[in-house]
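Novice: here is a sequence together with a model predicted from it:
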Amino acid sequence: MKIACLAGDGIGPEIMAEARRVLDALALENVEIFEGDVGGTGYKKHGHPLPPETLEMCKAADAVLFGAVGDPDCDNLERHLRPEQAILGLRQALTLFANLRPATMFPGLEDMTALRPEVARTIDLLIVRELNGDVYFGEKAIRTLDDGRRQGFDLMSYAEDEVRRIAHVAFRAAQGRKKKLCSVDKANVLETSQLWRDVVIEVAAEYPDVALSHMYVDNAAMQLVRDPGQFDVVVTGNLFGDILSDQASMCVGSIGLLASASLGETQTEYGTKGLYEPIHGSAPDIAGQGKANPMAMILSLAMMLRHSFGLEGQAARIETAVSRTLADGIKGADLGGSASTVEVGDAVLARL
Ligand code: NAD
Ligand code: IPM
Ligand code: MN
């Protein structure tokens with residue numbers, strides 16, 4: 001089982017170290033780890049945020065475990081050299097179009113959710129975010145108009161096959177859960193969203209057992225804090241999914257808790273090839289201080305074992321260890337506690 005580990009920038013290496021300790025503790029046979037530079041680290045060492053050797057390593061791997069990228073020193077570089085291009089480039093190069101971002105309420109976090117506890121307790125949702133299209137990958141530039149004014153633009157578009165393949169992922173996910181799917185768009189204004197909605201409705205014919213609903217993204221943002229328990233699976237485009245998933249994280253207590261899987265259609269001898277990363281970024285404001293919560297990274301490792309290696313039992317073991325750690329009141333600063341990154345890792349390992 002070839003795993004490419006890309007720690008990246010900021011808190012990336014700190015949280016990756018804890019995930020690696022958890023992986024080591026499982027003592028799986030047949031694991032080969034490869035390490036590569038990405039992000040600002042990749043740029044500083046090799047002149048590119050996604051150095052060719054790192055990309056080749058990821059192509060050859062069965063799964064990629066990704067920390068975080070982003071470095072304020074690099075924010076004024078030309079866009080193609082910025083750290084974020086590493087993750088965008090990998091998603092594109094590996095055709096990882098389906099981003100699964102689960103959010104569930106862990107017992108013991110009732111005081112830390114930004115919602116009232118009785119509202120937060122109902123949260124058990126999965127955001128299925130499209131990851132290869134939308135305004136992220138359209139033509140974009142800052143140009144100067146004939147009259148001398150500068151204009152920025154980013155083309156938003158989805159082709160029907162792109163919508164269809166993510167819709168299938170979402171319907172199948174719903175079949176394995178509570179059989180409810182809410183498609184989030186902005187079809188009242190955007191043509192891109194109208195096509196999205198039309199195609200989702202077409203695909204729905206193949207899933208008569210799933211109850212499909214549609215919601216505008218502004219309402220969805222509101223409903224997510226008003227009554228999050230109404231959602232089972234949410235399917236949405238790249239940009240809306242990015243925003244709604246950060247919002248969902250605070251509904252369950254911290255962005256340091258939310259893991260993700262980015263999947264495509266490549267099957268290896270073990271499972272589906274994928275990239276696994278926390279939904280949060282490199283958190284430069286707390287990097288190097290031992291304050292980062294490693295749980296999102298550790299839970300991403302669990303998702304990797306489940307989706308890319310078919311090791312459901314090991315994945316569940318890790319998730320239970322994280323849940324028990326929280327229930328026992330061991331929390332980092334993001335959750336109002338005082339445990340350091342390593343202490344949280346220690347606590348998860350002890351419960352494993
Ligand atoms: P961020 O997610 O890095 O941080 C937002 C806030 O949440 C910060 O206050 C941070 O300290 C806190 N936070 C994030 N993760 C945490 C954790 N594990 N434990 C405790 N607190 C945590 O978002 P940002 O500040 O908007 O972006 C910082 C950099 O990260 C930027 O360069 C951005 O582009 C990049 N970014 C990268 C990814 C990725 O690698 N996939 C994702 C999001 C942002
Ligand atoms: C995420 C991040 C990325 C995104 C950035 C770093 C490119 O915010 O994974 O949520 O917008 O997809
Ligand atoms: Mn994001």
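Specialist: Thanks, I have the structure now. Ligands and ions are numbered 1, 2, ... in the order given.

Novice: so who does Q314 touch?
Specialist: When contacts are counted by Cβ atoms under 8 Å, 6 or more residues apart in numbering, Q314 touches L26, L28, A302, L305. Any C-beta I mention is one placed from the backbone N, CA and C, and that applies to glycine too.

Novice: ok, V344 next?
Specialist: So V344 contacts E18, N293, P294, M295, T325, I330, K331, G332 (Cβ under 8 Å, 6+ apart).

Novice: widest-spaced pair of those residues?
Specialist: Farthest-apart pair in the contacts of V344 is E18 and K331; separation 14.4 Å (Cβ to Cβ).

Novice: name the nearest residue to the residue of the stretch 251-352 of the chain at minimum distance from ligand 2, ignoring sequence neighbours.
Specialist: Closest residue of the stretch 251-352 of the chain to ligand 2, Cβ to the nearest ligand atom: I279 (5.3 Å). Leaving aside its chain neighbours, I279 sits nearest to L258 (4.4 Å; criterion: Cβ to Cβ, 6 or more residues apart in numbering).

Novice: number of residues surrounding that neighbour?
Specialist: Counted with other Cβ atoms under 10 Å, residues neighbouring L258 total 25.

Novice: buried stuff in stretch 295-313?
Specialist: Using 16 or more other Cβ atoms under 10 Å as the test for burial, stretch 295-313 gives 295-309, 311.

Novice: over to stretch 313-331?
Specialist: Using 16+ other Cβ under 10 Å as the test for burial, stretch 313-331 gives 314-315, 317-319, 321-326, 330-331.

Novice: please apply the same query to stretch 227-243.
Specialist: For stretch 227-243, the buried set under the neighbour-count rule, 16+ other Cβ under 10 Å, comprises 228, 231-242.

Novice: do that stretch and ligand 1 meet?
Specialist: No - residues of stretch 227-243 are not located near ligand 1 by Cβ under 6 Å from any ligand atom, the shortest gap being 8.3 Å.

Novice: do a quick rundown of the strands in the protein.
Specialist: Using DSSP state E, the strands of the chain run over 2-8, 32-35, 63-68, 98-104, 124-130, 140-144, 150-154, 180-185, 211-216, 233-236, 259-267, 272-278.

Novice: pLDDT of the fourth one, averaged?
Specialist: Read it as strand 98-104. Across strand 98-104, pLDDT averages out at 98.

Novice: equivalent analysis for the first one, please.
Specialist: Mean pLDDT, taken over the full extent of strand 2-8, equals 98.

Novice: and the third one, by the same measure?
Specialist: Summarised as a single mean, pLDDT over strand 63-68 is 98.

Novice: one more: the longest one?
Specialist: Model confidence over strand 259-267 averages 98 on the pLDDT scale.

Novice: kindly report the residues of the stretch 151-300 of the chain close to ligand 2.
Specialist: Counting by Cβ under 6 Å from any ligand atom, the residues of the stretch 151-300 of the chain that sit close to ligand 2 are D242, I279, G281.

Novice: and if we set it to 8 Å?
Specialist: Taking Cβ under 8 Å from any ligand atom as the criterion, the stretch 151-300 of the chain approaches ligand 2 at residues N238, L239, D242, S245, D246, S260, E277, I279, H280, G281.

Novice: contact partners for the residue nearest the centre of the chain?
Specialist: Centroid-nearest residue in the chain, with Cα atoms, centre = their mean: S260, separated by 3.4 Å. For S260, the contact set (Cβ under 8 Å, 6+ apart) comprises N99, L100, R101, S245, Y276, E277, P278, I279, S300, M303.

Novice: distance-wise, check the residue lying closest to the last one once chain neighbours are set aside relative to F309.
Specialist: Spatial nearest neighbour of M303, excluding adjacent residues (Cβ to Cβ, 6+ apart): A261 at 4.4 Å. In this view, A261 and F309 are 12 Å apart by Cβ to Cβ, to the nearest Å.

Novice: can you check L195 too?
Specialist: The value you get for L195 to F309, if Cβ to Cβ is used, is 36 Å.

Novice: verify the stated contact: the residue nearest to M303 with N99.
Specialist: Yes - taking Cβ atoms under 8 Å as the definition, A261 is a contact partner of N99 at 7.3 Å.

Novice: pick out whichever of those two has more residues nearby.
Specialist: Taking other Cβ under 10 Å, A261 and N99 do not tie; N99 has more neighbours (26 against 23).

Novice: that one and L244 touch, don't they?
Specialist: No - N99 lies out of contact with L244 (Cβ under 8 Å); the separation is 11.7 Å.

Novice: what's the burial count for the nearest residue to F240 once chain neighbours are set aside?
Specialist: Of all residues not flanking F240 in the chain, V217 sits nearest, at 4.7 Å (Cβ to Cβ, 6+ apart). By other Cβ under 10 Å, 22 other residues sit near V217.

Novice: picking up where we left off before, wait, which of the strands of the chain is closest to V169?
Specialist: strand 98-104 (4.4 Å).

Novice: state the distance from the residue of the stretch 101-250 of the chain found nearest ligand 2 to I279.
Specialist: With Cβ to the nearest ligand atom, the shortest gap between the stretch 101-250 of the chain and ligand 2 falls at D242, namely 4.5 Å. Distance of D242 to I279, computed by Cβ to Cβ: 9 Å.

Novice: now the common contact residues for those two.
Specialist: By Cβ under 8 Å, 6+ apart, no residue touches both D242 and I279.

Novice: residue contacts, the closest residue to ligand 2 within the stretch 1-150 of the chain?
Specialist: Proximity of the stretch 1-150 of the chain to ligand 2 (Cβ to the nearest ligand atom) peaks at E84, 4.1 Å away. Counting by Cβ under 8 Å, 6+ apart, E84 makes contact with G39, P49, V69, G70.
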